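S.K.: fold the following.
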Amino acid sequence: MKLISILLFIICQFGIIYLTKAIKLLSSAWSYSNYDFLFSPLIKKFNEYAKENSIDTEIDIELHSPSNSSLYVDDYGSFIEHLLKKKSTKYDIIFYDVIYTPRYSSYFIDLKDYLPKEHIDNYASGIAYDTCVHNGKWVGLHVSIDHTFLYSNKYYLNKYNRTVPKTWDELLDTGKYILEKEREEGNTDLIGYNGQFPNYETAISSAQEVIYSFRKTVNSSYPDYDTLFLFTIMLISSLFLFINCYKKWFYFFSKKYWLIIFLGFNINLGSIFTKYGELTNLKCYLGNVFYIIGFTLIYIPILYKLIVNFQLKNKFVTIIENSQKLFIPFFLIIDVIFIMGLYFSSYSQIETIFIDQGKNYKACRISNVIGIITFFTMISEKLFILLFIFILIFLEWNIKKTFIDMKLITSAIYIDILLIIVASIVYYMKFTNYIVKFTLSASLNLFYVFSNFFFIYGFRIPLIYSKKREDILKLLNDIPPSSTTDSKSIYSSTTNKSRMSTFTLKILNCHYYQGDVYDDNDDIPGPLNISAQKEMSNNNALSIQIDTSNQKIDASNQKIDSSIQKFDVSSNRLSNK
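M.R.: Residues are numbered from 1 along each chain as shown. A predicted model of the protein is given here:
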């Protein structure tokens, strides 16, 4: 009996030891290097401290790195979010980059409810508050802070008696000078500045470094993501145009035209500031000026590119191509004429909207017939430009080199037309609340600018870093290349009934053409054979072969089978037997 009691006592002691043993926590972290100099030593020191101070807590770490994981840093961010969404309890502590603070905040506890106030106060000032607090909630605390530095090659600085640059202007000046001197000596491999834009999510940090470097001092607050900051973001995003490895994504326009388009984006965005404060005739006038100039700077470069990219190199296209420096100024002069017409016609007046049992507000209204005629003539000119762009897009729709660009520009124009319709409705609506009117008007303005920015330029940036870009491009390529009637039925009915006009033939040939441009020597494209092939539904293929060695379509000699229709052009007249 005594022996049994001893055994029970021993078992109970082991049970107590087992139940009261140290709590084990599991943490997760990402390391860029195969050698972890931060997290593992930190965990080791904590465990040593806990043991020395009889703290019954032990932490293990699951470290993800390029050597032991198939995840990249952006995949790791998505992996953690996936676990948080599933409410997984796998990890007790998560080490993450502060760029994920807004992304993860809804899943994390508020540390203010669990840590002493004096402990939180240690982090309440400085960068910790800006990066660890989201919507008033302390979602994390800093483990470490990275510092970035600009490294300079002293060999070249000493060689050309230059000092380490301290500003962007000095960096550009020094870099340009040394590069020019080195190229004179045959050294073409030297890079002036490496901004560290890797092909994953942390490239955003590099962009932020550039933005934050424009603060007045290192202690200045970080800018909020408001309208002014978004204005800056669009300008900063233009840096991608000057990074050699990304040039292939922006080949459609030259750098000069891209920068002109960016200027158009920002001028359009600037019109929203005319809606702030007390409304005046000048603000009404400037708001329209911003819209007019912004539209021209965005869409006239597109119009020029579509014209010079046109398949038929006729005299008109050649004249436009040789007048590149005058093309945009020509349309700007037209805008100035409209702007002066609006100004001298005193087209706008301030109308006070009286609201029963509410706050009155002011609105811009066109006040005279001359102003109405000038305004709607100007709008008609802009719509005609969009229509002309649509026609050129249809004619160039299948050119492989610009296939994606055609679809993105078309998307931008569709949205613009929709927004013009909505804005027209809003203009004639009478609102009982001026805040609703302002919010709706400003939102339409912002959406107009950023939809154009996204489809014309911004869509390319996520593609650069997306691992699914091939799927996205394939999805775009799967969009039907023509919104017109089934081309097979067009050609079949045309050949069976009688004749196809030269003009129609030329249009359809341009629409389905996929290769390089060709000359327009006569009514029908050049002295060469052009084949346009188009896959149709139900696995039927239609191949149209046009033989332009002669200029007569002889319907009696047409040989038509289920997949090929051949038109023999032998003279200027069309005979049908």
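S.K.: buried residues, stretch 133-147. List them.
M.R.: If you call a residue buried by 16 or more other CB atoms under 10 Å, then stretch 133-147 has these buried ones: 133-134, 137-140. (Glycine included, C-beta is placed from N, CA and C.)
S.K.: equivalent analysis for stretch 444-459, please.
M.R.: Neighbour-count burial for stretch 444-459 [16+ other CB under 10 Å]: 444-445, 448-459.
S.K.: same deal with stretch 48-56?
M.R.: Ala50.
S.K.: pull the CA atoms of it into CSV?
M.R.: Only the C-alpha atoms of stretch 48-56 are listed here, as CSV (Å, rounded to 0.1, in the frame of the first residue of the first chain):
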residue,chain,number,x,y,z
GLU,A,48,18.1,32.5,-22.7
TYR,A,49,16.6,35.5,-20.9
ALA,A,50,13.4,33.5,-20.1
LYS,A,51,15.4,30.6,-18.7
GLU,A,52,17.6,32.8,-16.6
ASN,A,53,14.6,34.6,-15.2
SER,A,54,12.4,31.6,-14.7
ILE,A,55,9.9,32.7,-17.4
ASP,A,56,8.0,29.6,-18.5
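S.K.: and the buried residues of stretch 133-147 as JSON lines, adding secondary structure and pLDDT?
M.R.: Converted to JSON lines, those look like this (DSSP: H, G, I helix; E, B strand; the rest coil; pLDDT from 0 to 100):
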{"residue": "Val133", "secondary structure": "strand", "pLDDT": "88"}
{"residue": "His134", "secondary structure": "strand", "pLDDT": "85"}
{"residue": "Lys137", "secondary structure": "strand", "pLDDT": "89"}
{"residue": "Trp138", "secondary structure": "strand", "pLDDT": "90"}
{"residue": "Val139", "secondary structure": "coil", "pLDDT": "89"}
{"residue": "Gly140", "secondary structure": "coil", "pLDDT": "89"}
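S.K.: so which of these is the closest to Thr318?
M.R.: Of all the buried residues of stretch 133-147, Thr318 sits closest to His134, with 57.9 Å by CB to CB.
S.K.: how close does the closest one get to Phe95?
M.R.: 17 Å (CB to CB, to the nearest Å).
S.K.: for Lys137, same thing?
M.R.: Counting by CB to CB, the gap from Lys137 to Phe95 is 19 Å.
S.K.: next one: Leu42
M.R.: Taking CB to CB, one finds Leu42 at 9 Å from Phe95.
S.K.: tell me the mean pLDDT over stretch 50-62?
M.R.: Confidence over stretch 50-62 (mean pLDDT, whole number) is 87.
S.K.: gap between the two ends of it?
M.R.: In stretch 50-62, first residue to last residue: 19 Å (CA to CA, to the nearest Å).
S.K.: how is the chain divided into domains?
M.R.: 19-138, 225-266+276-417+451-475, 487-575 (automatic domain parsing).
S.K.: out of these, which gets the lowest mean score?
M.R.: Averaging pLDDT over each of the domains of the chain puts domain 487-575 lowest, since it has a mean of 44.
S.K.: now Gly192: closest residue in space that isn't a chain neighbour?
M.R.: Once flanking residues are discounted, Gly192 sits nearest to Gly175: 3.5 Å by CB to CB, 6 or more residues apart in numbering.
S.K.: shouldn't that neighbour be in contact with Tyr193?
M.R.: Yes: contact criterion CB atoms under 8 Å: Gly175 and Tyr193 qualify, at 5.5 Å.
S.K.: neighbour-wise, which of these two wins?
M.R.: Neighbour count, other CB atoms under 10 Å: between Gly175 and Tyr193, Gly175 has more, with 18 against 15.
S.K.: roughly how far does that one sit from Phe250?
M.R.: 22 Å.
S.K.: before we move on, what about Tyr100?
M.R.: Tyr100 is 29 Å from Phe250, by CB to CB.
S.K.: Lys275: neighbour count?
M.R.: So Lys275, with other CB under 10 Å, has 16 neighbours.
S.K.: what's near enough to touch it?
M.R.: 283, 287, 438, 441-442, 445 (CB atoms under 8 Å, 6 or more residues apart in numbering).
S.K.: mind giving me the ChimeraX command for buried ones among those?
M.R.: Remark: buried members of those, expressed as a ChimeraX selection using 16+ other CB under 10 Å:
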select :283,287,441,442,445
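S.K.: of all the contacts of Lys275, which comes closest to Ile399?
M.R.: Asn445 (33.4 Å).
S.K.: specify the local secondary structure of that closest one.
M.R.: helix (DSSP: H, G, I helix; E, B strand; the rest coil).
S.K.: not counting sequence-adjacent ones, nearest residue to it?
M.R.: Here the nearest residue to Asn445 in space, its sequence neighbours aside, is Ile272; by CB to CB, 6+ apart that works out to 4.9 Å.
S.K.: neighbours of the one you found, just the number please.
M.R.: Around Ile272 there are 20 residues (other CB under 10 Å).
S.K.: pretty sure it contacts Tyr448?
M.R.: No: between Ile272 and Tyr448 there is no contact under CB under 8 Å: 10.0 Å.
S.K.: which strand or helix spans Ala29?
M.R.: In this structure, Ala29 is located in strand 23-30 according to DSSP states H and E.
S.K.: state the paired neighbours of that strand in the sheet, together with their directions.
M.R.: Strand partners for strand 23-30, identified by DSSP bridges, are recorded as strand 57-64 (parallel), strand 93-94 (parallel).
S.K.: which residues touch the helix or strand that the shortest one is followed by?
M.R.: It refers to strand 93-94. Next along the chain after strand 93-94, taking DSSP H and E as the criterion, comes helix 101-104. Identification of contacts with helix 101-104 by CB under 8 Å, 6+ apart yields 77, 80-81, 84, 94, 96, 131-132, 134, 139-140.
S.K.: just the CA trace of helix 101-104, in PDB.
M.R.: Presented in PDB, the C-alpha positions along helix 101-104 are these (Å, rounded to 0.1, in the frame of the first residue of the first chain):
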ATOM      1  CA  THR A 101       0.300  47.000 -41.700                       C
ATOM      2  CA  PRO A 102      -2.900  48.200 -43.500                       C
ATOM      3  CA  ARG A 103      -3.300  44.800 -45.100                       C
ATOM      4  CA  TYR A 104      -3.100  42.800 -41.800                       C
END
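S.K.: mind listing what's buried in that helix?
M.R.: For helix 101-104, using 16+ other CB under 10 Å, the buried residues are 101, 104.
S.K.: report the buried residues of the very next helix or strand once past it.
M.R.: Downstream of helix 101-104, the first helix or strand assigned by DSSP H and E is helix 117-121. Residues Ile120 are the ones in helix 117-121 that count as buried (16+ other CB under 10 Å).
S.K.: just checking, what packs against helix 117-121?
M.R.: In terms of contacts (3 or more CB pairs under 8 Å, 6 or more residues apart in numbering; DSSP states H and E), helix 117-121 is not packed against any helix or strand.
S.K.: so which residues make contact with it?
M.R.: 111-112, 138.
S.K.: picking up where we left off before, can you point out the buried residues in the host helix or strand of the residue nearest to Gly192?
M.R.: Element membership of Gly175 [criterion: DSSP H and E] is helix 168-184. Buried residues in helix 168-184, counted by 16+ other CB under 10 Å: 171, 174-175, 178-179, 182.
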